[in-house]
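A.B. asks: next come a sequence and a model predicted from it.
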Amino acid sequence: MSNVRYISNLTRETYALILAGGRGSRLHELTDWRAKPALYFGGKFRIIDFPLSNCINSGIRRVGVVTQYKSHSLIRHVMRGWGHFKKELGESVEILPASQRYSENWYQGTADAVFQNIDIIRHELPKYVMVLSGDHVYRMDYAGLLAAHAESGADMTVSCLEVPVAEAAGAFGVMEVDDDMRILGFEEKPKHPKHSPGNPEKCLASMGNYVFNTEFLFDQLKKDAQNANSDRDFGKDIIPSIIEKHKVFAYPFKSAFPNEQAYWRDVGTLDSFWQANMELLSPTPALNLYDAKWPIWTYQEQLPPAKFVFDDDDRRGMAVDSIISGGCIISGATVRRSVLFNEVRVCSYSVVEDSVVLPDVVVLRHCKIKNAIIDRGCIIPEGTVIGYNHDHDRAKGFRVSEKGITLVTRDMLGLPVGYE
């Protein structure tokens, strides 16, 4: 059997479950009205588009999206952008909200979120179940992960990446492996992670992406559901309970393409969210959104082109080293090193620098904004200064991050909230 046919069979026999119910509390007010996977990224996308696109580009066409926390905008986006698949052709992207199918509780943890959808997964009759985190930005060919899982004879395979020990402490599940990448030990968010063999500065961290043989997964979830002391979590409970008696392997994260460095970002804080968006402004960014071989799909609104007007010396509509999305109007204003999402308007004599501006924002005249995140639907009053003096920003009710990024939301401006 050819390798292409072999991979094709593996992906057809796989059902992917994307866990997209997380709140993302470290993003503060940015996730007050939306789940973290629904957060905007890169000018026109939402975070959920990345694992969904990875599935489709990898040939996995049966996908469930598990939702829970403030999921309205997430569900709406998935229905609009991903609802065109044909069940009759063996492909579907389905939304699986918390619905108390097996208990009176909502989803209690990552393992419980899968357990409560066992009947839906079983109906699909997959040979493999892939469980994916829905709140990271990355490009990954899941076919390689599936092939490694099948060839190793594993019961479960954990996708992992090398991260600095200091970065992993208290943040990631960390594993110990032997020379064959079989997992010998696993700790969930340890204070003092054990380093990789031969590299005291790095450790192997779980990405929150797993592959299971289906019946093995069901057996472990049923056992876990009967354990009154369990937190119902893959990292805390399932993995540590099976590594001694079962075949559990680690799979090092690789780029979707040869000679390309693997890209993965956890945009779980205001600073990391801002930084990951800023990285896209590089002439050759680590994440190539313009690669037609691995497109990132999303809901495509029908919008007019971006527009730049006025060419007077003191009133020139211009953008430099920036991403400007559809429907934007830069009217006699200057934008530098910034990411503007759909339908942003920047009015005359204003300057926006080093900032991430989400959709439907209006910046009125004579404003100065730098090192900021402006949430969707904000109307910035004329003459407002943001990001130049942190004490002044805080006095206005804005949030300033640890690294000096100022967050502005509708609520902080006294505007009606709930605009997702």
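C.D. replies: Yep, that arrived.
A.B. asks: and Ala372, what does it touch?
C.D. replies: For Ala372, the contact set (Cβ atoms under 8 Å, 6 or more residues apart in numbering) comprises Asp354, Ser355, Val356, Ile386, Gly387, Ile405, Thr406, Leu407, Val408. Every C-beta, even on glycine, is put in place using the N, C-alpha and C of the backbone.
A.B. asks: any idea how far it is from His136?
C.D. replies: 24 Å (Cβ to Cβ, to the nearest Å).
A.B. asks: where does this protein have low pLDDT?
C.D. replies: 1-2, 99-106 (pLDDT under 70).
A.B. asks: now the helices for it?
C.D. replies: 3-12, 49-58, 72-82, 110-115, 118-124, 142-152, 165-168, 214-225, 239-242, 270-279, 390-395 (DSSP state H).
A.B. asks: select, out of those, the one closest to Ser348.
C.D. replies: Ser348 lies closest, by Cβ to Cβ, to one member of the helices of the chain: helix 390-395, at 23.3 Å.
A.B. asks: tell me which other helices or strands that closest one touches.
C.D. replies: strand 399-400 (3 or more Cβ pairs under 8 Å, 6 or more residues apart in numbering; DSSP states H and E).
A.B. asks: partner strands of the strand it packs on and their direction?
C.D. replies: strand 406-408 (antiparallel) (DSSP bridges).
A.B. asks: run the chain-centre distance for the strand it pairs with.
C.D. replies: 21 Å (Cα atoms, centre = their mean, to the nearest Å).
A.B. asks: show me where the stretch 101-250 of the chain has strands.
C.D. replies: 128-133, 137-138, 156-164, 173-177, 183-188, 202-213, 248-252 (DSSP state E, counting those that start in this stretch).
A.B. asks: what residues does the first one touch?
C.D. replies: Put plainly, it is strand 128-133. 10, 13-19, 51, 54-55, 60, 110, 114, 121, 142, 145-146, 149-150, 207-214, 217, 234.
A.B. asks: quick check: angle from it to helix 3-12?
C.D. replies: Counting by axes from the mean of the first three to the mean of the last three Cα atoms, to 10 degrees, strand 128-133 lies at 70 degrees to helix 3-12.
A.B. asks: so how far is strand 128-133 off the chain centroid?
C.D. replies: Distance, centroid of strand 128-133 to centroid of chain: 15 Å (Cα atoms, centre = their mean).
A.B. asks: and the shortest one, by the same measure?
C.D. replies: The chain centroid and the centroid of strand 137-138 are separated by 6 Å, computed with Cα atoms, centre = their mean.
A.B. asks: in its sheet, what does it sit against?
C.D. replies: When DSSP bridges is applied, strand 137-138 pairs with strand 264-265 (antiparallel).
A.B. asks: could you check how many residues crowd around Val59?
C.D. replies: Let me fix one detail, which is that residue 59 is Gly and not Val. 18 (other Cβ atoms under 10 Å).
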